[in-house]
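Visitor: I would like to see how this sequence folds:
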Amino acid sequence: MTSGPFPANTTQNNIKPVPGEYEARIVDVETIQDVRCGQHIADIYKIHYDIEEGDFKGFVVKDNGVFRYKEKDGFMYEPKRNWGYARFCELLRLPKGSKTTPPPAVNKNKVNGYIVRIDLSYKTFVNELGTQVSYPIAKLIKLLSEVPF
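Guide: As a prediction, this is how the structure comes out:
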């Protein structure tokens, strides 16, 4: 579960962290399984980062989603589509598979607690009611330290 005084991507008290880089801790991994992407199928991992510094310490922000395409009967599988997931695994020093082997799933218990650097920005769109919606998203930049044991 997420930590910090603010829920993930909160609008509580209209808190809006300033876009930029922050030190953060991975506190949760939300997994959405078997998402159809055309003729492919993928799991999507939304990493929750708890900001560890500055005025926004304790603010939890989600990653926009890291796709892990996988082999499954009835769906196409192209290993090269996992380039973003491979980069994510490389940054966190996780196994990333090979050109012929699908990458393994993220082990939530392994990455929770990692200290990382994120880039916080905002995703903005107009919803079906014509209202502009904006929410923070995070992108992993680098691993600063793994969980100390």
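Visitor: only C-alpha atoms from now on, for both contacts and neighbour counts.
Guide: OK.
Visitor: okay, and A42 sits in which element?
Guide: Using DSSP states H and E, A42 sits within strand 40-51.
Visitor: leaving out the residues flanking it, which one is nearest to L120?
Guide: Nearest residue to L120 in three dimensions, chain neighbours excluded: A138, at 4.5 Å (C-alpha to C-alpha, 6 or more residues apart in numbering).
Visitor: now for the strand holding A42, which elements pack on it?
Guide: Contact partners of strand 40-51 among helices and strands, from 3 or more C-alpha pairs under 8 Å, 6 or more residues apart in numbering; DSSP states H and E: strand 20-37, strand 60-62, strand 66-69.
Visitor: what's the first one packed up against?
Guide: Packed against strand 20-37, as judged by 3+ C-alpha pairs under 8 Å, 6+ apart, are the following elements: strand 40-51, helix 108-111, strand 115-126.
Visitor: as CSV, these with mean neighbour count, distance to K57 and mean pLDDT would be great.
Guide: Below are those laid out as CSV (neighbours: other C-alpha atoms under 10 Å; distance: least, C-alpha to C-alpha, whole Å; pLDDT from 0 to 100):
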stretch, mean neighbour count, distance to K57, mean pLDDT
strand 40-51, 24, 5, 96
helix 108-111, 14, 20, 88
strand 115-126, 17, 13, 95
